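**Q** Quick one: sequence and predicted model below, then my questions.
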Amino acid sequence: MRVDDVTFPEALALLRQFVASRAPHYVVTPNPEFVMLAQRDAAFRAALNGATLAIPDGGGLLLAARLWGRPFREQVRGTDLVYRLARVGAAEGQRWFLLGAAPGVAEAAGRRLMARYPGLQVVGTFGGSPHPADDDAAHAAIQAAAPVDVLLVAYGAPGQELWMARNVPTLGVPVVMGIGGVLDFISGRVRRAPRWVRDLGLEWLFRLLVQPRRWRRQLALPRFALQALLATPRERARLRATRGDIRRSPAAPRESPDRAGWGVAGENR
Ligand code: UDP
């Protein structure tokens, strides 16, 4: 799978460019859980690689990349990107639609966003589900609010990525982003780790304490760490051999100014 070496200003510039283009784009937020799942789930892997932009979200990915001698320049967390995009969106009067999350959560998140970022228009919300049988209902709800500039999809991984891969081409929305539990944070329903905890790289521990049901999926973290360590000699050699090439990779969309590939477990994309 591929993770793009973008900074916040670059990611925001790309998103503005995507909105202006009106062509469909979707954004994914890889972390170690995504990587481990993508190794055994080909459809999820394809959905991730089909994204126009894959931001370096998970801290574990940044650690591994540093270990492998190809560090990312900045950690771009999905939650922070949503807040920063909201500021840009407010200045531009963007129209946002919020999809997914538990009943009432998207509405509460929408109200909070509009209060905090005057000028931003949250033009609709819809619960639905990531199940393909519910795609038509979600399409209808989004069409009813058209035009939509930014659609946030909060179904959690891998459902939201599969949803985007299936639906984005025909939605008529230029920026669609899979955001997992971000609406839970924005609505205030789930507390986000304080900044100092995030800066220590311990957001995963905080989330585990706040939402203990996540323990099973977080088993991916030690497995990812071990795999990244074991893969270090191979990845260092591979990344050295491909230095310079990756930026010209045909998989890279033309809009992205500065991207680096990041191979995982033998995949070279
Ligand atoms: N969710 C949903 N429908 C589903 C499954 C999940 O709306 O069928 C929502 C859930 O309410 C939550 C988000 O998807 O707001 C996923 O949250 P989680 O913390 O699991 O996300 P991640 O860890 O993937 O960021």
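**A** Looks like it came in fine. Just so it is clear, the model here is predicted, and its values are computed rather than measured. Numbers count the residues shown, from 1 in each chain.
**Q** can we go C-alpha only for contacts and neighbour counts from here?
**A** Will do.
**Q** Which neighbouring elements make contact with the worst-scoring helix or strand of the chain on mean pLDDT?
**A** Taking mean pLDDT, DSSP states H and E as the measure, the helix or strand of the chain with the lowest value is helix 215-218, at a mean of 88. Taking 3 or more Cα pairs under 8 Å, 6 or more residues apart in numbering; DSSP states H and E as the contact definition, the neighbouring helices and strands of helix 215-218 are helix 203-210.
**Q** re earlier: near the ligand, anything from the least confident helix or strand of the chain?
**A** No - contact between helix 215-218 and the ligand is absent, the nearest approach being 8.7 Å (criterion: Cα under 6 Å from any ligand atom).
**Q** Extract the CA atoms of that helix and return them as CSV.
**A** Extracted C-alpha coordinates of helix 215-218, given in CSV (Å, rounded to 0.1, in the frame of the first residue of the first chain):
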residue,chain,number,x,y,z
TRP,A,215,-8.3,-3.9,22.7
ARG,A,216,-8.8,-6.6,20.1
ARG,A,217,-8.2,-4.4,17.1
GLN,A,218,-5.3,-2.8,18.9
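**Q** Can you mark which positions in it are buried?
**A** Counting neighbours by 16 or more other Cα atoms under 10 Å, one finds that the buried residues in helix 215-218 are Q218.
**Q** which residues are contacting that helix?
**A** Contacts of helix 215-218 with the rest of the structure, by Cα atoms under 8 Å, 6 or more residues apart in numbering, involve E33, W204, L208.
**Q** Tabulate the residues you listed (CSV), appending pLDDT.
**A** As requested, these are arranged in CSV below (pLDDT from 0 to 100):
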residue, pLDDT
E33, 96
W204, 90
L208, 92
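**Q** And the strands in the stretch 51-200 of the chain, which stretches?
**A** Counting by DSSP state E, counting those that start in this stretch, one finds strands in the stretch 51-200 of the chain at the ranges 53-54, 95-100, 121-126, 150-154, 175-178.
**Q** Give me the helices and strands touching the third one, please.
**A** Under the contact definition 3+ Cα pairs under 8 Å, 6+ apart, strand 121-126 sits against strand 95-100, helix 105-116, helix 135-144.
**Q** now the spatially most central residue of the chain: how far from the ligand?
**A** Among the residues of the chain, T29 comes closest to the average C-alpha position under Cα atoms, centre = their mean, at 2.4 Å. For T29, the distance to the ligand equals 9 Å [Cα to the nearest ligand atom, to the nearest Å].
**Q** Output the set of residues of this structure in proximity to the ligand.
**A** Counting by Cα under 6 Å from any ligand atom, the chain sits next to the ligand at 100-102, 129-130, 154-157, 180-181, 183-184.
**Q** cutoff 5 Å now
**A** G100, A101, A102, S129, A154, Y155, G156, A157, G180, G181 (Cα under 5 Å from any ligand atom).
**Q** ChimeraX command for the buried members of these?
**A** Only the buried entries of these go into this ChimeraX selection, using 16+ other Cα under 10 Å:
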select :100,101,129,154,155,156,157,180,181
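**Q** what two of the residues of the chain next to the ligand are the furthest from one another?
**A** Within the residues of the chain next to the ligand, two members stand farthest from each other by Cα to Cα: A102 and A157, at 15.2 Å.
**Q** got the contact list for G128?
**A** If you count contacts by Cα under 8 Å, 6+ apart, G128 has them with L99, G100, D134, A137, A138.
**Q** same check, this time on D57
**A** Shown here is D57, whose contacts under the criterion Cα under 8 Å, 6+ apart are T29, P30, N31, Q75, V76, R77, G78.
**Q** Just to be sure, V35 is in a strand?
**A** No - with DSSP: H, G, I helix; E, B strand; the rest coil as the criterion, V35 is helix rather than part of a strand.
**Q** returning to what we had before: and the residue nearest to the centre of the chain, what pLDDT?
**A** Confidence per residue is given as pLDDT, and for T29 that number is 98.
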